[in-house]
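> Here is my input, please return the structure:
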Amino acid sequence: MSSSAPVAATEFAKTDQESVERRAVFGSDLSVLSEIYQPDVNLSVWNREIDPDLKGEAEALIASDPNFQKSLGMRADEAPATLQSFFPKQQYDALRADIAWLIDAFSYLFDLRDVGLRLAVLDKAMCPKFHVDKVPCRLITTYTGATTEWLPHDRVNRRFLGPNVPTIVGSEPGICESDDIEILETGAVALLKGESWEGNEGCGLVHRSPGIAEGRKRLLLTIDFGS
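All right, here's what the predicted structure looks like:
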């Protein structure tokens, strides 16, 4: 009778979903975002050059209102009017214009009437563990500060995601190797394909909020499909 050694709990083993090809695409032109419609793409990133005025206003908002957090749903075609009263003071013209422009691009790309918006100043990781979003697709951009971390599809062990993670020493055992963690650029506009995208079940992009150094903050914008 033969016997074999037990498999270590942190040993990397591919699931059926991980054997399916998924890739990330990057570009310096807005048109790269449309690549999210490709079946094998679960991350599309527009690495844009962030305008100095935009970054300056982001830093000014953090300085003037370090606890700023606001979420709301809106009709995409009413975004410019809705955003007029979004900030505590009637300034931040560059931020307001950029958010309205991103809402317009997002809603056009996905033919949406309604969107959900969240803009938040953060001084700690909002979602510190690697996870997938139960949404069709989410837009993320960080105007200033630490940026979102993500994992290539073929380098993540999804057995260790979610509520059934085994209790093992270490924050996220077995999910990935530290060298596999990728980081988005400041100002980059990223589309993260989630678990609710038809045909992408089990292949949603795995990502997490970054750690933030003491005394530092980030300004994060997310846009989602409206209800």
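> what's around Lys70, how many residues?
For Lys70, the count of nearby residues is 13 (other CB atoms under 10 Å). Placement of C-beta: from N, CA and C, glycine included.
> quick one, strands of this protein?
Shown for the chain, the strands assigned by DSSP state E span residues 23-27, 41-46, 69-75, 114-122, 137-144, 149-151, 182-183, 189-193, 206-208, 218-225.
> could you check the angle strand 137-144 makes with the second one?
The one in question is strand 41-46. 40 degrees (axes from the mean of the first three to the mean of the last three CA atoms, to 10 degrees).
> same thing with the last one?
Between the axis of strand 218-225 and that of strand 137-144 there is an angle of 160 degrees, by the same axes, to 10 degrees.
> Please read off the pLDDT at the residue nearest the centre of the chain from the model.
Nearest residue to the geometric centre of the chain (CA atoms, centre = their mean): Ile140, 4.5 Å. Note on Ile140: pLDDT of 98.
> Verify the stated contact: it with Leu221.
Yes: the pair Ile140 / Leu221 is scored as a contact, 7.3 Å apart, by CB atoms under 8 Å.
> From Ile62, how far off is the residue nearest to the centre of the chain?
18 Å (CB to CB, to the nearest Å).
> ok now do the nearest residue in space to Thr222 that is not next to it in sequence, which residues does it touch?
Using CB to CB, 6 or more residues apart in numbering and skipping the chain neighbours, the partner closest in space to Thr222 is Arg118 (4.8 Å). Arg118 makes contact with 69-71, 220-222, 224, according to CB atoms under 8 Å, 6 or more residues apart in numbering.
> From Lys70, how far off is Arg118?
Between Arg118 and Lys70 the computed distance is 7 Å (CB to CB).
> give me the number of residues near Arg138?
With other CB under 10 Å as criterion, Arg138 counts 21.
> coming back round to it: please tabulate the contacts of Arg118 in TSV and include pLDDT and distance to Val20 as additional columns.
Below are the contacts of Arg118 laid out as TSV (pLDDT from 0 to 100; distance: CB to CB, whole Å):
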residue	pLDDT	distance to Val20
Gln69	94	36
Lys70	95	37
Ser71	95	33
Leu220	97	29
Leu221	98	30
Thr222	97	26
Asp224	98	24
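> Which of the residues you listed ranks first by neighbour count?
When neighbours are counted by other CB under 10 Å, Leu220 leads the contacts of Arg118 with 24 neighbours.
> So what pairs up with that residue in the strands?
Beta-bridge partners of Leu220, counted by DSSP bridges, are Ala120, Thr142.
> same thing with Val189?
With DSSP bridges as the criterion, Val189 is bridged to Trp46.
> again with Val25
Following DSSP bridges, Val25 is listed with bridge partners Ser44.
> from memory it sits against Asn47, does it?
No: using CB under 8 Å, Val25 is not in contact with Asn47; the gap is 10.8 Å.
> and the nearest residue to Asp53 once chain neighbours are set aside, how far is that from Phe87?
Leaving aside its sequence neighbours, Asp53 sits nearest to Ala94 (CB to CB, 6+ apart; 4.5 Å). In this view, Ala94 and Phe87 are 11 Å apart by CB to CB.
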